[in-house]
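K.L.:
I would like to see how this sequence folds:
(one chain, ligands or ions: 1)
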Amino acid sequence: MNLAHKLEILGAAARYDVSCSSSGSNRQNSGGTLGNAAVGGICHSWTADGRCVSLLKVLMSNYCIYDCAYCANRASLDKERAAFTPRELADLTIDFYRRNYIEGLFLSSGVLKSPDHTSEIMMQALEILRNEYRFSGYIHVKIIPGTDSKLVDKLSSYADRVSCNIELPSSASLNRFAPQKLPEHIFAPMKYIKQGHQQYLEDGRRKRGTLSKAQTPQFAPAGQTTQMIIGASADTDLTILTLSKNLYKRFSMKRVYYSAYIPNGTHAELPPADTPVPLTREHRIYQADFLMRFYYFEPDELLDDANQSLQMDVDPKCDWALRHPEEYPIEVNTAPLERLLRIPGVGTISANRIIEARRMGGLRLEDLRKLGVVMKRAQFFLTANGKFGGILEPGHPMLRGHMVDGTGMAQLSLFNTPDVLRLANPGAELTSPSGKILLPAAASR
Ligand code: SF4
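P.N.:
As a prediction, the model looks like this:
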């Protein structure tokens, strides 16, 4: 099989893995090395699905001895198989890098013979790249569950970022759909990587001044990530978010990536090909993930036992705000950062700008837009110097209609006019919390 055909097969086979991005590593090449790793990531287009576009994203091999039910490369599927040799993979990466097609490499693999055997082969490719070609560009390598810690150590010394995929959100699902992958085989490398990365950071500090940055022994300087498949199993959003929170906490994950299950129609217990998992669900889980990492939300605030699925029509932060009218309106001139971040339409940047700007004097409603606040959403949930500018107060039954974000099914503009409010509230006087009359009773028809 020629190299181009191998690349076609192994590039296509790698597209299901989303646990990579080129951010997180910053390194200039030094004398005698080739390539840089850039923190901001690079956006050359490479894959057709638009993910991880700056990296050559391939499998070492799509032969696999495992038979994970959700996987398009599993052993029992009759499909064309291929494998690179370490030399082929290294040459291809360097060739593409020199042609400016790519900035780095994302390398995963099916399991050949055993996790250790597969890791040895991937390691040989990385050794050629780093030691022979002196390649200094970004490398993200997959850790196969069950790989010996010595090999994890070696791979982490060559790679900028490593990831061991959790794949499914519960042990029960893993046991049902990927019985050859034991939870302990996934968590052991994660724990080892966390400790190694921590040690690396401490070594860097300790040795600063005695060793150059290039001489400091590396251990996955950009840390570790993982990936979870959404919708292949019956696990709820609450289960997924609770697990993610634990992964961030226990293993210092840089990111948990989520991938809506793409049906391959070959396993009776998985969703059939004509009922794909809605991408909106994946999107909402990413939003909830951001709320947990940057907005001080806990999984059990976003969801609970009675309501275990994220809403599709509004984002999770709006949903929380709509369910907790007693928390609003929030006064922007006095609220602490955590409270400001609970206002829909206020992000981390605008919240910090508010705190900075109010040191200079009291903020007015008209100042907020200039600070980046999305008033179209925020107006219903805040006051500035006691002034409320929304046309509906928190807790109003019509408010939800204003908060749908277009990801779901409703239109924002339909309920935005006083005429429509009047139609929904015939004869009633509509007032803001401060008592301002928004629509007088006499206007009813
Ligand atoms: S081990 Fe990886 S490649 Fe092999 S069947 Fe499972 S998910 Fe697919």
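K.L.:
show me the shaky parts of the stretch 151-300 of the chain.
P.N.:
Residues of the stretch 151-300 of the chain that meet the criterion pLDDT under 70 lie in 204-216, 265-266.
K.L.:
for residue 140, helix, strand, or coil?
P.N.:
strand (DSSP: H, G, I helix; E, B strand; the rest coil).
K.L.:
same check, this time on the one 5 residues further on
P.N.:
The local conformation at residue 145, judged by three-state DSSP, is coil.
K.L.:
ok, it touching residue 187?
P.N.:
No - using CB atoms under 8 Å, residue 145 is not in contact with residue 187; the gap is 9.0 Å. To be clear about C-beta, it is placed using only N, CA and C from the backbone, and glycine gets the same treatment.
K.L.:
please report how far the residue in the stretch 251-400 of the chain that the ligand sits nearest to lies from residue 270.
P.N.:
Closest to the ligand within the stretch 251-400 of the chain is residue 264: 11.0 Å, counting by CB to the nearest ligand atom. Residue 264 is 8 Å from residue 270, where distance means CB to CB, to the nearest Å.
K.L.:
then residue 11?
P.N.:
24 Å.
K.L.:
name the SS class of the residue nearest to residue 269 when sequence neighbours are not counted, please.
P.N.:
What sits nearest to residue 269 in space, not counting adjacent residues and going by CB to CB, 6 or more residues apart in numbering, is residue 69, at 6.9 Å. State at residue 69, reduced to three classes by three-state DSSP: coil.
K.L.:
so who does residue 69 touch?
P.N.:
176-178, 232, 267, 269-270 (CB atoms under 8 Å, 6 or more residues apart in numbering).
K.L.:
which parts of the chain sit against the ligand?
P.N.:
64, 66-68, 71, 73-74, 110-111, 178 (CB under 6 Å from any ligand atom).
K.L.:
domains of this structure?
P.N.:
With automatic domain parsing as the criterion, the domains of the chain are listed as 3-272, 316-443.
K.L.:
residue nearest the centroid of this protein?
P.N.:
residue 257 (4.1 Å; CA atoms, centre = their mean).
K.L.:
torsion angles phi and psi at residue 257?
P.N.:
phi -100, psi 150 (degrees, to the nearest 10).
K.L.:
pretty sure it contacts residue 227?
P.N.:
Yes - at 4.5 Å, residue 257 and residue 227 qualify as touching, with contact defined as CB under 8 Å.
K.L.:
what about the helices in the stretch 151-300 of the chain?
P.N.:
171-177, 183-207, 237-251, 279-294, 299-302 (DSSP state H, counting those that start in this stretch).
K.L.:
can you list contacts of the second one?
P.N.:
With CB under 8 Å, 6+ apart as the test, helix 183-207 has contacts from 115, 143, 145-147, 149, 152-153, 156, 162, 164-167, 171, 174, 213, 216-221, 223-224, 226, 247, 250-252.
K.L.:
just the ones of those in strands?
P.N.:
Judged by DSSP state E, strands contain the following of the contacts of helix 183-207: 162, 224, 226.
K.L.:
can you tell me the residue of the stretch 151-300 of the chain closest to the ligand?
P.N.:
For the stretch 151-300 of the chain, CB to the nearest ligand atom, closest residue to the ligand: residue 178, 5.9 Å.
K.L.:
what's the residue nearest to that residue when sequence neighbours are not counted in contact with, if anything?
P.N.:
Once flanking residues are discounted, residue 178 sits nearest to residue 68: 4.0 Å by CB to CB, 6+ apart. Residues in contact with residue 68 (CB under 8 Å, 6+ apart) are 74, 167, 177-178, 180-181.
K.L.:
please repeat the previous calculation with a cut-off of 7 Å.
P.N.:
With contact set as CB atoms under 7 Å, 6 or more residues apart in numbering, residue 68 has these partners: 74, 177-178, 181.
K.L.:
and of those, the nearest to residue 92?
P.N.:
residue 74 (25.2 Å; CB to CB).
K.L.:
hang on, that closest one packs against residue 65?
P.N.:
No - with contacts counted by CB atoms under 7 Å, residue 74 stays clear of residue 65, the gap being 9.7 Å.
K.L.:
tell me which of those two has more neighbours.
P.N.:
Remark: of residue 74 and residue 65, residue 74 carries more neighbours, 20 against 15, as counted by other CB atoms under 10 Å.
K.L.:
now residue 387. Nearest residue, chain neighbours left out?
P.N.:
That would be residue 365: by CB to CB, 6+ apart, it lies 5.6 Å from residue 387.
K.L.:
tell me who's in contact with the one you found.
P.N.:
384, 387, 389.
K.L.:
how much space between it and residue 341?
P.N.:
Residue 365 is 19 Å from residue 341, by CB to CB.
K.L.:
the strands in the chain, which residues?
P.N.:
55-59, 104-108, 138-142, 161-163, 224-230, 255-260, 330-331, 382-384, 387-388, 430-431, 437-439.
K.L.:
with distance to residue 295 added, can I get those strands in a markdown table?
P.N.:
Shown next, in a markdown table, are the strands of the chain (distance: least, CB to CB, whole Å):
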| stretch | distance to residue 295 |
| --- | --- |
| strand 55-59 | 29 |
| strand 104-108 | 29 |
| strand 138-142 | 27 |
| strand 161-163 | 25 |
| strand 224-230 | 20 |
| strand 255-260 | 16 |
| strand 330-331 | 14 |
| strand 382-384 | 16 |
| strand 387-388 | 23 |
| strand 430-431 | 31 |
| strand 437-439 | 30 |
